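**Student:** here's a sequence, model it:
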Amino acid sequence: KTVTETLAPLATSHPGCVAFYRDQENFDLINKNSPLKGYKVYRNTKERGDKAPWKYSVQGVYAEQGALMMPAQQKVNKTAELLKEGLTGKLRISFRAIDADELALLYAACSVDWKFGGGKPLGLGHCRVTNIKMTDEEGKSCTPLEISENGGNLTLAPKDFKRVAHLEKRIALYKASQVPVEKLRYPRAVTKNKNKSSRAGLAWFARHTSPRKNGQGLETIWTTGNLQNKVNGTQIKAQALPLLNGDDQDRDLLFGYDMVELDTTTSNRNQRMVGKMEKFQAPIHTSPNEKAGSNTSQNRESRKSARAERSNEPMENFSPITKNNIGTMIAEELKNEKLTVARALNFLEKMKELGFTRNQSNKWSNKFDLLEKIISKEA
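**Tutor:** Sure thing, here's the model as predicted:
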């Protein structure tokens, strides 16, 4: 009942991005002290087949010239077993000692779409409760929610709806957010210079959501020439994450996806001016000799390069990993700058094989975070 799929790496969220996590409509005032939005919503997609957003070919890892690297060319990807669409299953929730308001809230949670498992930002895990039966401690059963004839969301009974009426707008907004959209993509842009074309989410965030140097507000894109005429002004506004709108599914759409800046100059005030932006196409916007230059000085970049050279060291050259020594080995290899991406992946696999989990202690949670950070940085 599953299909094997290669997924691109999913980075952990970064709460330092004030534009996405802070609640301030005025982009000139938003800063790290603005109140938190306090919720996160994962969208769903209409796309299937070769254009599905979870396909590696759609959102993969990109090389120095901005072209897609196939999974065999790099190590940062994940092979997953995905359940086929349309399958059904059963879930039992046991509880005790909850009052009528709490029970109504539980019913309300069963009346909206759910997202299960990994890959939620890619549109995976979308499911819905279509039938429900309640059994009390005496074995008496009832059907507390009205079932939809067309397989839609369950409907709360009037007495339960009254108990959660103060959440009516939030529930309706969440339901609207789960309606599949045409195109579900991570923000991505292209930064181009004479050495290479960087095509990634980091480039998009640096261009469209970058905080000003004084810490308050977001930077804009200063324009000149043809681009200035197109935008009807001198600047392109920054983008905070737009608010959801139940009546307009495209209201929270972001712009600038895969755009590359061209004809850039510097103004008299030392501002970077952009004269042209186009949809990036690797055959047109890159040259064959593009490549990041190596750094020979003894600094962070040279140490990173040295680690990369050691990444091909065969795993059999390392000591065997056991439940008793894995923690010490991670600490030692990190200290001696031997912890490569390949080795970090090896440690993660072994930790899972040996039964270690992120939740068993802060110590192991930190080790999981450390290894995943090393992998995501190299990506």
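**Student:** which non-adjacent residue is nearest residue 143?
**Tutor:** residue 133 (6.0 Å; CB to CB, 6 or more residues apart in numbering). C-beta coordinates here come from the backbone N, C-alpha and C atoms, glycine included.
**Student:** can you show me the CA trace of stretch 269-281 as PDB?
**Tutor:** Extracted in PDB, the C-alpha atoms of stretch 269-281 (Å, rounded to 0.1, in the frame of the first residue of the first chain):
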ATOM      1  CA  ARG A 269      24.500  56.300  -1.900                       C
ATOM      2  CA  ASN A 270      26.100  52.900  -2.100                       C
ATOM      3  CA  GLN A 271      22.800  51.200  -2.600                       C
ATOM      4  CA  ARG A 272      22.500  48.100  -4.800                       C
ATOM      5  CA  MET A 273      20.300  48.900  -7.700                       C
ATOM      6  CA  VAL A 274      18.600  46.200  -9.800                       C
ATOM      7  CA  GLY A 275      17.700  46.900 -13.400                       C
ATOM      8  CA  LYS A 276      16.200  43.600 -14.500                       C
ATOM      9  CA  MET A 277      14.700  40.500 -13.000                       C
ATOM     10  CA  GLU A 278      13.900  37.300 -15.000                       C
ATOM     11  CA  LYS A 279      12.700  33.800 -14.300                       C
ATOM     12  CA  PHE A 280      15.900  31.800 -13.900                       C
ATOM     13  CA  GLN A 281      16.900  29.400 -16.600                       C
END
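**Student:** now residue 21: how far from residue 38?
**Tutor:** Counting by CB to CB, to the nearest Å, the gap from residue 21 to residue 38 is 9 Å.
**Student:** so for those two, which residue has more residues nearby?
**Tutor:** residue 21 (18 against 7; other CB atoms under 10 Å).
**Student:** contact partners for that one?
**Tutor:** 15, 36-37 (CB atoms under 8 Å, 6 or more residues apart in numbering).
**Student:** what about those, which are in strands?
**Tutor:** In this view, the contacts of residue 21 have no member that belongs to strands under DSSP state E.
**Student:** state which helix of this protein is the longest.
**Tutor:** helix 362-378 (DSSP state H).
**Student:** with just CA atoms, put it into PDB.
**Tutor:** Below are the C-alpha coordinates for helix 362-378, written out as PDB (Å, rounded to 0.1, in the frame of the first residue of the first chain):
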ATOM      1  CA  ASN A 362      17.900  17.100  26.400                       C
ATOM      2  CA  LYS A 363      21.300  15.500  25.700                       C
ATOM      3  CA  TRP A 364      20.100  13.400  22.900                       C
ATOM      4  CA  SER A 365      17.800  16.100  21.600                       C
ATOM      5  CA  ASN A 366      20.800  18.300  21.200                       C
ATOM      6  CA  LYS A 367      22.800  15.600  19.400                       C
ATOM      7  CA  PHE A 368      19.900  15.100  16.900                       C
ATOM      8  CA  ASP A 369      19.700  18.900  16.300                       C
ATOM      9  CA  LEU A 370      23.500  19.100  15.900                       C
ATOM     10  CA  LEU A 371      23.700  16.400  13.300                       C
ATOM     11  CA  GLU A 372      20.700  17.700  11.300                       C
ATOM     12  CA  LYS A 373      22.200  21.200  11.300                       C
ATOM     13  CA  ILE A 374      25.500  19.900   9.800                       C
ATOM     14  CA  ILE A 375      23.500  18.100   7.100                       C
ATOM     15  CA  SER A 376      21.300  21.100   6.300                       C
ATOM     16  CA  LYS A 377      24.200  23.500   6.200                       C
ATOM     17  CA  GLU A 378      26.000  21.500   3.500                       C
END
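**Student:** for that helix, give the mean pLDDT please.
**Tutor:** What helix 362-378 shows for mean pLDDT is 78.
**Student:** repeat that for stretch 84-91.
**Tutor:** 92.
**Student:** how far does it stretch from start to finish?
**Tutor:** One end of stretch 84-91 to the other measures 18 Å (CA to CA, to the nearest Å).
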